[in-house]
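1. structure, please.
(2 chains)
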2 protein chains.
Amino acid sequence: MTTIIVSAGLTIVALIACLAIYISVNNADPGNERMQKIAGDISEGAMAFIGREYRTLAVFALIIVVLLWIFVGAWTAVCYAIGATFSASAGFIGMRAATKGNVRTAAAAGNSLADALKIAFRSGAVMGLAVVGLGLLGLTSLLYIGTGTIGLESIILSLFGFSFGASTIALFSRVGGGIYTKAADVGADIVGKVEQGIPEDDPRNPATIADNVGDNVGDIAGMGADLYSSYVGSMIAAMALGLALTEAHIYFPIALGALGIVASLAGMFIVRANDEETLQKVLRYSFLFAAFVVLVGSWFLSDAYFGSATMFWVVFTGLAAGVIIELSTEYYTSSHFNPVKRLAEASETGAATNIIEGLGLGFMSTAIPMLVIIAVAFVSYVLADFYGIAISAVAMLSTLGISLAIDAYGPVADNAGGIAEMSSLPDEVRERTDALDAAGNMTAAIGKGFAIGSAGLTALAFFSAFSTRAGLDAISLLNIEVLTGVFLGVLMPFIFTSLTMTAVSRAAFDMIEEVRRQFKAMPGILKGETEPDYRRCVDISTIGALKQMIVPGFLIIIPPIIVGLVLGTEALGGMIIGALGTAMLLGIALSNAGGAWDNAKKFIETGEHGGKGSEAHAASVIGDTVGDPAKDTSGPSLNILIKLMSIVALTLLPLFL
Amino acid sequence: MTTIIVSAGLTIVALIACLAIYISVNNADPGNERMQKIAGDISEGAMAFIGREYRTLAVFALIIVVLLWIFVGAWTAVCYAIGATFSASAGFIGMRAATKGNVRTAAAAGNSLADALKIAFRSGAVMGLAVVGLGLLGLTSLLYIGTGTIGLESIILSLFGFSFGASTIALFSRVGGGIYTKAADVGADIVGKVEQGIPEDDPRNPATIADNVGDNVGDIAGMGADLYSSYVGSMIAAMALGLALTEAHIYFPIALGALGIVASLAGMFIVRANDEETLQKVLRYSFLFAAFVVLVGSWFLSDAYFGSATMFWVVFTGLAAGVIIELSTEYYTSSHFNPVKRLAEASETGAATNIIEGLGLGFMSTAIPMLVIIAVAFVSYVLADFYGIAISAVAMLSTLGISLAIDAYGPVADNAGGIAEMSSLPDEVRERTDALDAAGNMTAAIGKGFAIGSAGLTALAFFSAFSTRAGLDAISLLNIEVLTGVFLGVLMPFIFTSLTMTAVSRAAFDMIEEVRRQFKAMPGILKGETEPDYRRCVDISTIGALKQMIVPGFLIIIPPIIVGLVLGTEALGGMIIGALGTAMLLGIALSNAGGAWDNAKKFIETGEHGGKGSEAHAASVIGDTVGDPAKDTSGPSLNILIKLMSIVALTLLPLFL
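-> Numbering: from 1, shown residues only, chains lettered A, B, ... in the order given. I've put the predicted structure just below:
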């Protein structure tokens, strides 16, 4: 209980820091009138999206609350509602900060790179702290209240509902947001850049605001909700596994989470830079510093809770896995290394070889992360059974506060660049925002690798909790139901990926038609005389995204319920493992291929292989366009698939027994 | 024993029919001198490839024979050698017939479509009958001899070596041949069509003979060896499972195979057609007719061997699965249906949307085949345990004689078209060969679906035999070794696919350099005055293909041995299931996406969406080029991966216990 009270205290510190940082961002110079107008449009668009999304979500969540109340239990239903609300709030706060931060970053870029970095990073830090703060606050307060009323065991089992609620938000934010952002991006590019030949972020393009809104709803709110659900999910799974062990096992994950918050705050203090090179380094070192603080702290925690160093080693494996996966992602997606260089070279012989080489790169890049996850699972299992696997997930996610700050900084910088362009700020400002953006692209790619890896470990923790709670002694592949479950599981990510990829095309097509319509109906737009109807484009992308996510959403939730009811818990366990395997592989392959295509194009744009306007550049643009939905919609959505599927199985377990 | 003698007798009938058909093809008009010269070059190139391939293979196989002799047993080693030799012979005979049949088909197209079809189909029929005839002859004669010397059980277990030998040939023919054919194709296209603007199959292109050779070594010999290994593998696995049951269970698979040979011969008699529409129908009906004969016959066989209809129903599920998978493949790859039409439409907005839509189509197309395989496994398991799964595989493959005839007919028709073009035959001849080729493209795509589906069921049969022989009661996912095995298994097909895709690019690059060199060194080539050095291009493709298949080849064989030795048989079982799942899914996705891209391009060429020369056409050409290695190298190679991996596990099982 001391753990809970101390941890709750620390989360409040984090939330106060979050608020202070938010105020400091808000108090920064918001730039000239034109900039504020554009930023206002983006902010309004983002709020319009999130408003409509949350309304749809509310209906959906309410139905689930009622069903959970009837079929599982009142506390589970309440925890679900709270989990959903907390996650939605974290996403909202993060987006709010990002839509304040973008224009202020652009304004600060008028002074210096260091100032711009400060604002962009602080905007991201609000997100990071809101996620970990509200995550741990939700858990600790429910634990505190629940322990006093229904008892420790019951409240921990009810917390599966909390995680389910968080995952529901993640579904809407990550999948819906992912479709939104790419539909707007692809739509804006095809009519704007390709058909009319106007530059990116040109204010004459009716879809340009929607495109900038997309960065906020997809990359900020989506990423935040995704990792929020991993963060709380891994802790809840670990606590549930701890139930069968000692009290120390139950509280240790919370203590580790609180330690991570302290470490993240410490890491945030060391971020400052004056040039681009230092920038990339400083972002990396701040993360490594936080990881180091957790590592050292966990030595003492492990000793205090268990009187041995075992858990320290488990934490070490989890943290090391996070670092190795990030390094591997960087190797495969950064133009400083061979894979992207070869990809750029393959563009010389045309788009086809660019695509083939990119797919090959993506598939190959699955090896290291997958082997790392396998090794972590193996070692932490040997050290501390399934509980060890769950703790390694908690450890990997413990530094989420700072990781997320670094990730969220990217889209803020991207938006700042867009605002600078649309407000015709001087070239030197644009150069500085470009430098921020380049670093942001790298951190975004790396963040995706981290998100997938941690989602995989979290799902494995859910699986462990599932099989333990179901009282299964074995889930045997010689049992035909299990074999059926495994094969159904491996199939799901393929279908899901197909659905999300084509969802982007369909939603983008609506956008293309609308932009074409506006250009035709209002000829003044292209001359710069009439302002386009930005809001309508935002609406179309919003409606399209929400409509296109219905089928993939149900595909995640319904099949595991059917398998659980018809084939039983063992088969459902098999299904989770099957889906986990292919979802991770496809997720990594798609994210890395997309990141590599993006950076190969940027690499060519620096003048290599003929530079802009060359055949190689044209080929690399095609690769980049293919990579867009791959890396920003389909790939990250697979994180949701594995986590949501396994938390559905875990929460509804009583129905399947 | 009666089963063996009767079946052996029937295989000899099949082989006599095979010889008679071969002679009838050989006696047909071989066309004019120019045609014979070209056909001679192709034939020579094919023989050069197969000669070099078999020499490399002989060394490789000899090493394995020695290792098997030392570590497993003399009979296993001998069976391996015989399996490899028989499979290699079947491939050789099939290719020989195809390289005779191509030019004679072109010549017969001078008379009528019906005559041309007759020759092309007969050339394919030689392959089909050689594969099933030599397959069943090898098994029955070894069973006969082995039963008399080392006893029935020992000889059946030694037959795992036979299957391993056949799979080794399949590795070289399918993977090596697949790399060869696409390296030559892509190389010929890029320098010929793109850089120099000369048409496909133009005799001035130094790589054109290599390209035509590729059809024979990849699509004929490769496909044949692949299905040969499934055919004998499923029967051996069923017999091994039968060992624990009754004598009837042991002999039934052989009887079913013999029944299939009779059915295939019957089906071949009904093939004749006068126009393109009838052509496609007649090819389909001949296959359905053969399947029907097997179905009816199996009713009596089931009754005779088991006194019940149970096995009839198992056979029914296997045959039905084959038919449904073929229909599903047709739906996703034929331009008569929506998926390819939508893909063609997506080409209008450029190459990027064509690629996205194609990938989405490929991923979606995995659903039906995978659900069918799951259903077949489930139903046949319920009917007759793991033995039932093996029998459903045998049933699906029983009509292989005719299926393979239909598949092999495609590349023969394709070559005939090439020869007609290179010999400047009249337009009407070219039109007829085009009609044959169009039907051939459809059957080739469908054949790939069948090959993957049957490979999946065969691997499942191997898995069943493996776990039974290993005496495993459970392969539990709650066991960390098994979980490790499963995740390593799901990873392997991703790495393997990456390697085979990039292998094609690398081998194609050598070809491109050589063609460029010839054009530069001998300026007379492009003027049509000097004959290019075809042979050197054939050599380069041959060496490139064999070199590039070393790494993927070892990737299949070594990891299961390591897992078996280090983590044990349960983990190895998990690994097989993991690999089986993703290999099937990726295989289906890549093959169908490739087929759809190809046919979307052809659909646009008929004048839809702007026709040839339009932007949509340019986009579809890019998709088609990406699809080439996907459908002809990486996709089909995954069949080899799952079968070879599981037969390695099964054959070397004594080492892991």
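
2. quick one: buried residues of the one helix or strand A:Val394 maps to?
-> According to DSSP states H and E, A:Val394 maps onto helix A:367-398. For helix A:367-398, burial by neighbour count (16 or more other Cβ atoms under 10 Å in any protein chain shown) applies to A:367-370, A:372-374, A:376-381, A:383-398. C-beta coordinates here come from the backbone N, C-alpha and C atoms, glycine included.

3. give me the subset of those that also touch chain B.
-> A:Ala367, A:Met370, A:Ile373, A:Ile374, A:Ala377, A:Phe378, A:Tyr381 (Cβ under 8 Å from any Cβ of the partner chain).

4. the closest residue to the fourth one other than its chain neighbours: neighbour count?
-> This means A:Ile374. Leaving aside its sequence neighbours, A:Ile374 sits nearest to B:Phe487 (Cβ to Cβ, 6 or more residues apart in numbering or on different chains; 4.9 Å). Applying other Cβ atoms under 10 Å in any protein chain shown, we find 25 residues neighbouring B:Phe487.

5. ok, A:Ser464 next?
-> Neighbours around A:Ser464, by other Cβ under 10 Å: 25.

6. that one reaches A:Ser234, doesn't it?
-> No: using Cβ atoms under 8 Å, A:Ser464 makes no contact with A:Ser234, being 10.7 Å away.

7. which non-adjacent residue is nearest the residue in the stretch 201-350 of chain A that chain B sits nearest to?
-> Per Cβ to the nearest Cβ, A:Thr349 is where the stretch 201-350 of chain A lies closest to chain B, at 6.4 Å. Distance criterion Cβ to Cβ, 6+ apart; nearest residue to A:Thr349, sequence neighbours excluded, is B:Ile190 at 6.4 Å.

8. report how many residues lie close to that neighbour.
-> 23.

9. ok, A:Arg55 next?
-> Neighbour number of A:Arg55 under other Cβ under 10 Å is 11.

10. okay, A:Ser264: pLDDT?
-> pLDDT for A:Ser264: 94.

11. please read the previous query as pertaining to A:Glu277.
-> The model's pLDDT for A:Glu277 equals 69.

12. ok, back up a step: what's the overlap in contacts for A:Ser464 and A:Ser234?
-> Common contact partners of A:Ser464 and A:Ser234 (Cβ atoms under 8 Å, 6 or more residues apart in numbering or on different chains): A:Ala390.

13. who are the packing partners of the helix or strand of chain A with the lowest mean pLDDT?
-> Taking mean pLDDT, DSSP states H and E as the measure, chain A has helix A:524-527 as its least confident helix or strand, at a mean of 84. Other helices and strands packing on helix A:524-527, by 3 or more Cβ pairs under 8 Å, 6 or more residues apart in numbering or on different chains; DSSP states H and E, are helix A:480-521.

14. what angle do the helix it packs on and helix B:480-521 make?
-> For helix A:480-521 against helix B:480-521, the angle by axes from the mean of the first three to the mean of the last three Cα atoms, to 10 degrees is 50 degrees.

15. related to what we said a few turns ago, for the residue of the stretch 201-350 of chain A closest to chain B, give its distance to B:Asp539.
-> 22 Å (Cβ to Cβ, to the nearest Å).

16. which one of these two is surrounded by more residues?
-> More crowded of A:Thr349 and B:Asp539, by other Cβ under 10 Å: A:Thr349, with 23 against 17.

17. what about that one, distance to B:Val621?
-> 13 Å.

18. leaving out sequence neighbours, find the closest residue to the most centrally placed residue in chain A.
-> Geometric centre of chain A, nearest residue: A:Met223, 2.5 Å, by Cα atoms, centre = their mean. Counting by Cβ to Cβ, 6+ apart, A:Met223 lies nearest to A:Asp407, which is 5.8 Å off, once chain neighbours are set aside.

19. go ahead and confirm that neighbour touches A:Ala445.
-> No: applying Cβ under 8 Å, one finds A:Asp407 not in contact with A:Ala445, separated by 9.9 Å.

20. the more surrounded of the two?
-> Per other Cβ under 10 Å, whichever of A:Asp407 and A:Ala445 has more neighbours is A:Asp407, with 28 against 25.

21. and the helix or strand containing the more buried one, how far out from the chain's middle?
-> Assigned by DSSP H and E, A:Asp407 belongs to helix A:400-422. A distance of 14 Å separates the C-alpha centroid of helix A:400-422 from that of its chain, computed with Cα atoms, centre = their mean, to the nearest Å.

22. what angle sits between the helix or strand just after it and helix A:400-422?
-> For helix A:400-422, the succeeding helix or strand toward the C-terminus, using DSSP H and E, is helix A:427-469. Note on geometry: by the same axes, to 10 degrees, helix A:427-469 and helix A:400-422 are set 150 degrees apart in direction.

23. average pLDDT for helix A:427-469?
-> Computed over helix A:427-469, the average pLDDT equals 87.

24. is chain B within reach of it?
-> Yes: using Cβ under 8 Å from any Cβ, helix A:427-469 reaches chain B at A:Ser467.

25. figure out how far that helix is from the centre of its chain.
-> Worked out by Cα atoms, centre = their mean, helix A:427-469 lies 6 Å from the chain centre.

26. state the phi and psi torsions of the residue nearest to A:Thr349.
-> phi -70, psi -50 (degrees, to the nearest 10).

27. measure it to A:Lys602 for me?
-> Taking Cβ to Cβ, one finds B:Ile190 at 26 Å from A:Lys602.

28. tell me the first helix or strand C-terminal of the least confident helix or strand of chain A.
-> helix A:534-548.

29. what packs against that following helix?
-> Using 3+ Cβ pairs under 8 Å, 6+ apart, helix A:534-548 is in contact with helix A:33-71, helix A:177-188, helix A:208-214, helix A:480-521.

30. so the helix or strand following the shortest one versus helix A:400-422, what angle?
-> Reading on from helix A:208-214 to the C-terminus, the next helix or strand found by DSSP H and E is helix A:223-242. Direction vectors for helix A:223-242 and helix A:400-422, defined by the same axes, to 10 degrees, enclose an angle of 170 degrees.

31. what average pLDDT does helix A:223-242 get?
-> 95.

32. now stretch A:384-401
-> pLDDT averaged over stretch A:384-401 gives 95.

33. now that stretch, how far from the chain's geometric center?
-> The answer for stretch A:384-401 is 18 Å, by Cα atoms, centre = their mean.

34. cool, stretch A:96-116 as well?
-> Worked out by Cα atoms, centre = their mean, stretch A:96-116 lies 23 Å from the chain centre.

35. pull out the CA atoms of it and give them to me as PDB.
-> The C-alpha trace of stretch A:96-116 is given here as PDB (Å, rounded to 0.1, in the frame of the first residue of the first chain):
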ATOM      1  CA  ARG A  96      -4.000  20.600 -27.200                       C
ATOM      2  CA  ALA A  97      -0.300  21.100 -26.400                       C
ATOM      3  CA  ALA A  98       0.800  20.100 -29.800                       C
ATOM      4  CA  THR A  99      -1.600  22.500 -31.500                       C
ATOM      5  CA  LYS A 100      -0.400  25.300 -29.300                       C
ATOM      6  CA  GLY A 101       3.200  24.300 -29.700                       C
ATOM      7  CA  ASN A 102       3.400  24.100 -33.500                       C
ATOM      8  CA  VAL A 103       2.900  27.800 -34.200                       C
ATOM      9  CA  ARG A 104       5.000  28.800 -31.200                       C
ATOM     10  CA  THR A 105       7.800  26.600 -32.500                       C
ATOM     11  CA  ALA A 106       7.600  28.300 -35.800                       C
ATOM     12  CA  ALA A 107       7.700  31.700 -34.100                       C
ATOM     13  CA  ALA A 108      10.700  30.700 -32.000                       C
ATOM     14  CA  ALA A 109      12.500  29.400 -35.100                       C
ATOM     15  CA  GLY A 110      12.700  33.100 -36.000                       C
ATOM     16  CA  ASN A 111      15.100  33.500 -33.100                       C
ATOM     17  CA  SER A 112      17.200  30.400 -33.000                       C
ATOM     18  CA  LEU A 113      17.200  26.700 -33.500                       C
ATOM     19  CA  ALA A 114      17.700  26.200 -29.800                       C
ATOM     20  CA  ASP A 115      14.600  28.200 -28.900                       C
ATOM     21  CA  ALA A 116      12.500  26.300 -31.500                       C
END
